[in-house]
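*Asks:* Return a 3D structure for these sequence lines:
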Amino acid sequence: MVVRSKKNRKYLGTRTWGWGNKKNRRGSGSRGGVGRGGKKSKFTYTVKYDKTRIRSPGFSSPRTIRLNEVNLNRISVFAEGSKDAKPTIELRGYKVLSNGSLAKPVVVKASAFSKKAEEKIKGAGGEAIKLE
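*Replies:* Residues are numbered from 1 along each chain as shown. Got it, this is the predicted structure:
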C-alpha cells in the first residue's frame, strides 16, 4: 500500500520559503565563514590540534611562581628512613607547611616555610634554611 503525504504548502508562493529576508541563506555567507560546515565554528580543530589557544583551568600568570607544598609529616617520614643523626633534606620548589611534627632534628632546605613550620623545625632541634 502506498502512503501519500500531503505537500507542505505553507511557504509555496513566498519569496524566501521561511528563511527570513531574501538576502539570507544565499551562498556560504550565512554559515559563519566556514564554508559548508554550517553554523558550527572551527572549535573542534582548536580543541584537537591547537590546545594552547584555550586557557586551561587553573591558569596563573607567568609572573607568579606557584610552589608545591609539603607537610612536616612527610619530612618526618623521610627523616626516619635515614640513618644520620641530623639528616639534610633539600626541597627546591617546595613550601614547607606545619601540619604534623618532627620526631628528630632535621636540616630542611626549602624555597619557603610557613611561620609555624619554622618554629616546629627549630623546636625539634633542626634548622630551616631558605633556598634562593
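*Asks:* Please report how far the residue lying closest to residue 70 once chain neighbours are set aside lies from residue 103.
*Replies:* Using Cβ to Cβ, 6 or more residues apart in numbering and skipping the chain neighbours, the partner closest in space to residue 70 is residue 94 (5.0 Å). Heads up, the C-betas are built off the backbone N, CA and C, glycines and all. Residue 94 sits 20 Å away from residue 103 when distances are taken as Cβ to Cβ, to the nearest Å.
*Asks:* where in the chain is pLDDT low?
*Replies:* Scanning the chain for pLDDT under 70 picks out 1, 7, 26-43, 53-64.
*Asks:* can you map out the strands along it?
*Replies:* With strands called from DSSP state E, the chain shows them at 68-71, 88-97, 107-113, 127-130.
*Asks:* can you put those strands in TSV and add mean neighbour count and distance to residue 46?
*Replies:* Shown next, in TSV, are these (neighbours: other Cβ atoms under 10 Å; distance: least, Cβ to Cβ, whole Å):
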stretch	mean neighbour count	distance to residue 46
strand 68-71	14	31
strand 88-97	17	32
strand 107-113	19	36
strand 127-130	14	43
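*Asks:* Take those and write them to TSV, including distance to residue 82.
*Replies:* Formatted as TSV, the strands of the chain follow (distance: least, Cβ to Cβ, whole Å):
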stretch	distance to residue 82
strand 68-71	16
strand 88-97	9
strand 107-113	11
strand 127-130	15
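*Asks:* Which one, of these, ends up nearest to residue 2?
*Replies:* Minimum separation from residue 2 across the strands of the chain (Cβ to Cβ) falls at strand 68-71, 73.9 Å.
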